[in-house]
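In: coords please:
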Amino acid sequence: MQKLLMCVAVLAGVALASKEYGLKTNRIPTGWEWNSTCDECQSFVHRFEAALKNPTKMAELKALLRILCHETSYVDECRAFVAHLDDFISKLDPYLQDAKAVCTHMHLCTQRTARFHRIGQLYSKLIQKGTVGGYADIVCDECQFAATELKQVITDKNLQQQIRDFFRDNVCARFGKYRGDCDMVIEQFLPELFQELEAALANPKKVCHDIGFCGSTRRRLPGFLGLAQGF
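Out: Purely as a prediction, here's the structure:
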């Protein structure tokens, strides 16, 4: 359950920061603009960090997470996690100072992500042009290639262990008396996330169709992926 909260915290933080930036600058996006995947990631990290330092945004984020607690079977644990969210965020702050390092740890500053970036570029053209034409088949094929590559990454047991170790050693270790709770979050969060992603990617054509890259329909995905899809 807490994995859901962690994912939502990041996604909501970015969304709130982006919204605030748009309101302050009075800018309404007219289309998609894409830089490199690494640059986009670093931009998101900076926005996320700025939102977390805004008391109003933090209050909104906590309110959102408290609502989600009622959708889980760990209501009490969820509320306790949300109550200590400020402690968790304060431990993350030193890492967020180096956006490039964060994105590198997430494997978003490598050649491996080039194909995912290519999908975004092609899909943005579909949206801007308002037509499917020849781009649709290209986007569909690119999505399936990317889904296959992502599955290979997700099922890499060594990489999974590296991710778990990173959070335990660099995040949970700084939680003091809350370290046990943090370790529990990691133990529940990551295995379930990996399993859900692996199951979703088992059929690349289907998952690409469900998220709108193949065909003209877009279906609501189940579980944590469906929630993330809504952002």
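
In: Tabulate the CA atom coordinates of whichever helix or strand Leu92 is part of in PDB.
Out: Element membership of Leu92 [criterion: DSSP states H and E] is helix 85-96. Provided in PDB are the C-alpha atoms of helix 85-96 (Å, rounded to 0.1, in the frame of the first residue of the first chain):
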ATOM      1  CA  LEU A  85       5.400  12.300   5.600                       C
ATOM      2  CA  ASP A  86       7.300  15.500   6.500                       C
ATOM      3  CA  ASP A  87      10.100  13.400   8.100                       C
ATOM      4  CA  PHE A  88      10.300  11.200   5.000                       C
ATOM      5  CA  ILE A  89      10.500  14.200   2.700                       C
ATOM      6  CA  SER A  90      13.200  15.900   4.800                       C
ATOM      7  CA  LYS A  91      15.300  12.800   4.400                       C
ATOM      8  CA  LEU A  92      14.900  12.900   0.600                       C
ATOM      9  CA  ASP A  93      15.800  16.600   0.300                       C
ATOM     10  CA  PRO A  94      19.600  16.100   0.200                       C
ATOM     11  CA  TYR A  95      19.200  13.700  -2.700                       C
ATOM     12  CA  LEU A  96      16.800  16.000  -4.600                       C
END
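
In: May I see the buried residues of the helix or strand just after it?
Out: Proceeding N to C from helix 85-96, the next assigned helix or strand is helix 99-105, under DSSP H and E. Across helix 99-105, burial judged by 16 or more other Cβ atoms under 10 Å covers Ala99, Val102, Cys103. Just so you know, the C-beta spots here come from the backbone N, C-alpha and C atoms, and that holds for glycine as well.

In: what about the last one, distance to Ile163?
Out: Here Cys103 is placed at a distance of 14 Å from Ile163 (Cβ to Cβ, to the nearest Å).

In: again with the first one
Out: In this structure, Ala99 and Ile163 are 19 Å apart, going by Cβ to Cβ.

In: go on, Leu201?
Out: Note on Leu201: its distance to Ile163, by Cβ to Cβ, is 17 Å.

In: quick one, which of these two is more surrounded?
Out: More neighbours surround Leu201 than the other of Leu201 and Ile163, with 21 against 18 (other Cβ atoms under 10 Å).

In: Pull the contacting residues for the more buried one.
Out: Leu201 makes contacts with Ala147, Thr148, Leu150, Lys151, Ile154, Val207, as judged by Cβ atoms under 8 Å, 6 or more residues apart in numbering.

In: which pair in these spans the largest distance?
Out: Pairwise distances across the contacts of Leu201 peak at 12.2 Å for Ile154 and Val207 (criterion: Cβ to Cβ).

In: of these two, who's got more company?
Out: Remark: of Ile154 and Val207, Val207 carries more neighbours, 23 against 17, as counted by other Cβ under 10 Å.

In: For the host helix or strand of the more buried one, which residues meet the burial criterion?
Out: Following DSSP H and E, one finds Val207 within helix 204-210. Within helix 204-210, the residues scored as buried using 16+ other Cβ under 10 Å are Pro204, Val207, Cys208, His209, Asp210.

In: Distance to Phe88 and pLDDT for these - can I get that in a markdown table?
Out: As requested, the buried residues of helix 204-210 are exported to a markdown table (distance: Cβ to Cβ, whole Å; pLDDT from 0 to 100):
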| residue | distance to Phe88 | pLDDT |
| --- | --- | --- |
| Pro204 | 34 | 86 |
| Val207 | 31 | 82 |
| Cys208 | 34 | 81 |
| His209 | 36 | 81 |
| Asp210 | 32 | 80 |
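
In: Low-confidence stretches in the chain?
Out: Within the chain, the ranges that satisfy pLDDT under 70 run 1-37, 106-108, 110-139, 216-231.
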